[in-house]
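# here is a sequence with its predicted model. Questions after.
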Amino acid sequence: MKIGEFLVKNNYISQETLNEALRLQKQDETLRIGELLVKMEAITKKDLLRYIDEYIRIASDIDMGEAKDWLSQEQVDKLFLKYFNSNKKN
């Protein structure tokens, strides 16, 4: 499950909001869905960090056969780094 699907499944955003963020991401693939959702004001940065934390905790409990549907290790590492750097500033 990708982060966008996770957000929709947990009613943090609507499917329409995710679709719009994905459309915008196609225009600039360097932007992550979470960043786009914050820029769109669909969620706050604080909520995004909370949702990522929840997502990672749940992802760590999944069966390895399902892991391919979640974030790659490189993506998880980038999220952790960004999360911890952001929390140091707060």
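Nice, thanks for sending it over. Residues are numbered from 1 along each chain as shown.
# which positions in stretch 52-62 come out as buried?
For stretch 52-62, the neighbour count (16 or more other CB atoms under 10 Å) marks 52, 55-56, 59 as buried. Every residue, glycine included, has its C-beta placed from N, CA and C.
# nearest residue to residue 31 other than its sequence neighbours?
The shortest distance from residue 31 to any non-neighbouring residue, by CB to CB, 6 or more residues apart in numbering, is to residue 25 (5.7 Å).
# of the buried residues of stretch 52-62, which one scores lowest on pLDDT?
Comparing pLDDT over these, the lowest score belongs to residue 59 (73).
# can you tell me how far it is from residue 23?
Look at residue 59 and residue 23: by CB to CB, to the nearest Å, they are 25 Å apart.
# output the below-cut-off pLDDT ranges for this structure.
Applying pLDDT under 70 to the chain flags the ranges 61-73, 76-77, 79-81, 83-90.
# how about the strands in it?
Counting by DSSP state E, the chain forms no strands at all.
# what are the ranges of the helices in it?
3-9, 15-27, 33-39, 45-59, 73-89 (DSSP state H).
# what's the third one in contact with?
If I follow you right, that is helix 33-39. Outside helix 33-39, the residues within contact range by CB atoms under 8 Å, 6 or more residues apart in numbering are 2-4, 7, 13, 17-18, 21-22, 24-25, 43-45, 48, 51-52.
# and it, what's buried?
Result for helix 33-39 [16+ other CB under 10 Å]: buried residues 33-38.
# that older thread, quick one: the residue nearest to residue 31 and residue 18 touch, right?
No. Residue 25 is beyond contact range of residue 18, at 10.2 Å (criterion: CB atoms under 8 Å).
# comparing those two, which shows the higher neighbour count?
Between residue 25 and residue 18, residue 18 has the larger neighbour count (other CB atoms under 10 Å), namely 21 against 16.
# roughly how far does the closest residue to that one other than its chain neighbours sit from residue 82?
In this structure, residue 18 finds its nearest non-sequential neighbour in residue 4, 4.7 Å apart by CB to CB, 6+ apart. From residue 4 across to residue 82, the span is 17 Å (CB to CB).
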